[in-house]
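A.B. asks: Give me a model of this one.
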Amino acid sequence: MKTTGRSFPDAPVLETRIRTERAKIFPEGAIGYFLGPTLAMLTSSIMANYFNAYLSNVLNINKWAGRFFAWMPVVSVFFVILGNILVGRLMDRMRLSAGKARPLILLSIPLNIMALTVLFILSPYVNETIQEKQLKCLVLLAIGYILLFAVACPMYSTPHAALVSLSTRVSKDRSLLATISNAATLASMGIVSMVLPFFLRELFVYDMSGAGTPVLNESGVTEYYVDASGAAIYDGAASYQHWKIFVLILMVITAVGALAEFFFTRERVTEESMGSDEAIREALSVREQAKICFKDRFWWIMMAFLLLYQMGGMLKNVLQLYFCQAMFPDGQGNYTTAWGGRIQGMLAIRAAMPWIFIGGETIGFGVIFVLFLFMKVEDYADEDRAALSSRRI
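C.D. replies: Take a look at the predicted model:
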């Protein structure tokens, strides 16, 4: 069933603010493809990197629900795959004047808020000593986790990935927007991996009640307490409240980013196809698409590459903080999330700026060389399109 006609995303107040026929760096590129996505992708990046640390360091879930902690991400993969397929099908069938992708970005805002609310606001604080609400907590965590990663995130990421191809048919403009969009992804990842780690002490609050061995700073004041293994002891209840405030702020930032992307992007290709045979053509069924893909060996190669790439990225996101916390004790030989976060941030900064350590001339030449090749490929592509068009005429 196709979605047609006037609806909420077609309301005049929600019309795109981009009126130009050609894509420009400002405001479309700067706001719609850089600032907006940078803010909108923060939720998924932060949850991918630090949600496991929230479960283990704040709720101590590995001590009282270890199997749930281990199996929840595994079981949710099936829902994530299904969610991505359904969102893709929904976008294929979307027939609104606002476009095929932009309305789904707008729809992702309430879904994201709903998922974060279930995960951090409605889910009660429990630990290994508070047993009466443990079952309720696990149920809400499972619902919120699936709602976030299988519904809210695909509802944003799928249309966001398609926006560049739907923005314009002019190859140079599309290349410009693709470059800016990729920069936004790197910027969002940079904020999460280079900036946020230095503020983890505000999210994982030390327990100052006196349990454990005190660790003194240079002034002789107790900075935190550690257990027998040298690991810092955290105040789960206080950390839980700090995460609540942090998530509320994150909801606002993500919503502002999604709105900026919605208002300052334009689907020129979709507008051109409205009312044409291309627009009213029925999309292939999932079974027909699957048959085509399964017969193509290059599709299998691409899927294998993406599987390994995504697996590596997920392992890096989840385990990096744990690794830095376990392998790099602070100056007093203790293991804290705050110090591990600082190491993680410094490693990310060093990895993002290799020219500081291995020679700026080599890296600079490589960037210029790749940019030159990219421009030449675009020129050849334009010549091929022009030649093909002349033959058709």
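A.B. asks: And the residue nearest the centre of the protein?
C.D. replies: By CA atoms, centre = their mean, the chain has its centre lying nearest to Ser44, at 3.4 Å.
A.B. asks: That one sits in which helix or strand?
C.D. replies: In this structure, Ser44 sits in helix 42-57 according to DSSP states H and E.
A.B. asks: and the next helix or strand after that helix, what does it pack onto?
C.D. replies: Next helix or strand after helix 42-57 toward the C-terminus (DSSP H and E): helix 61-64. With contacts taken as 3 or more CB pairs under 8 Å, 6 or more residues apart in numbering; DSSP states H and E, helix 61-64 sits against helix 42-57, helix 66-93. Heads up, the C-betas are built off the backbone N, CA and C, glycines and all.
A.B. asks: and the closest residue to the residue nearest to the centre of the chain other than its chain neighbours, how far is that from Pro159?
C.D. replies: Spatial nearest neighbour of Ser44, excluding adjacent residues (CB to CB, 6 or more residues apart in numbering): Cys153 at 5.0 Å. Here Cys153 is placed at a distance of 12 Å from Pro159 (CB to CB, to the nearest Å).
A.B. asks: With neighbour numbers in mind, choose between these two.
C.D. replies: Pro159 (29 against 24; other CB atoms under 10 Å).
A.B. asks: what mean pLDDT does the helix or strand harbouring that one have?
C.D. replies: Pro159 is part of helix 153-167 when elements are defined by DSSP H and E. Averaged over helix 153-167, pLDDT sits at 93.
A.B. asks: Could you give the separation of it from the chain centroid?
C.D. replies: When distances are taken as CA atoms, centre = their mean, to the nearest Å, helix 153-167 is centred 12 Å away from the chain's centroid.
A.B. asks: tell me the average confidence for the helix or strand following that helix?
C.D. replies: Next in sequence after helix 153-167, counting helices and strands by DSSP H and E, comes helix 171-190. Average pLDDT, helix 171-190: 90.
A.B. asks: now swap in stretch 327-346 and tell me
C.D. replies: Mean per-residue pLDDT for stretch 327-346: 86.
A.B. asks: Repeat that for stretch 31-46.
C.D. replies: Mean pLDDT, computed over stretch 31-46, is 95.
A.B. asks: what stretches of the chain score poorly on pLDDT?
C.D. replies: 1-10, 275-284, 352-393 (pLDDT under 70).
A.B. asks: Using TSV, please lay out the helices and strands packed on helix 61-64 together with distance to Ile233.
C.D. replies: Formatted as TSV, the helices and strands packed on helix 61-64 follow (distance: least, CB to CB, whole Å):
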stretch	distance to Ile233
helix 42-57	10
helix 66-93	20
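A.B. asks: most neighbours per residue, which of those?
C.D. replies: Most buried of the helices and strands packed on helix 61-64, by mean neighbour count (mean count of other CB atoms under 10 Å): helix 42-57, with a mean of 20.
A.B. asks: got a list of contacts for it?
C.D. replies: The contact list for helix 42-57, computed with CB atoms under 8 Å, 6 or more residues apart in numbering, reads 61-62, 69, 112, 116, 119, 141, 148-149, 153, 156-157, 188-189, 191-193, 196, 200, 203-204, 234, 239, 243, 250-251, 253-254, 257, 314, 317-318, 320-322, 337.
A.B. asks: Could I get the contacting residues of Leu104?
C.D. replies: Neighbouring residues of Leu104 by CB under 8 Å, 6+ apart: Val87, Leu90, Met91, Met94, Met155, Tyr156, Thr158, Pro159.
A.B. asks: and it, helix, strand or coil?
C.D. replies: Under DSSP: H, G, I helix; E, B strand; the rest coil, Leu104 falls in the helix class.
A.B. asks: Could you tell me which residues make contact with the nearest residue to it once chain neighbours are set aside?
C.D. replies: In space, and not counting its chain neighbours, Leu104 is closest to Pro159: 4.2 Å by CB to CB, 6+ apart. Taking CB under 8 Å, 6+ apart, we find Pro159 in contact with Val87, Met91, Lys100, Ala101, Arg102, Leu104, Ile105.
A.B. asks: hmm, try it at 6 Å
C.D. replies: By CB atoms under 6 Å, 6 or more residues apart in numbering, the contact set of Pro159 is Met91, Ala101, Leu104, Ile105.
A.B. asks: Tell me the spacing between the third one and Leu96.
C.D. replies: Leu104 sits at a distance of 10 Å from Leu96 (criterion: CB to CB).
A.B. asks: Ok, the last one next?
C.D. replies: Using CB to CB, we find Ile105 at a distance of 12 Å from Leu96.
A.B. asks: Give me the more crowded residue out of those two.
C.D. replies: Neighbours were counted for Ile105 and for Leu96 using other CB under 10 Å; Ile105 has more, 27 against 19.
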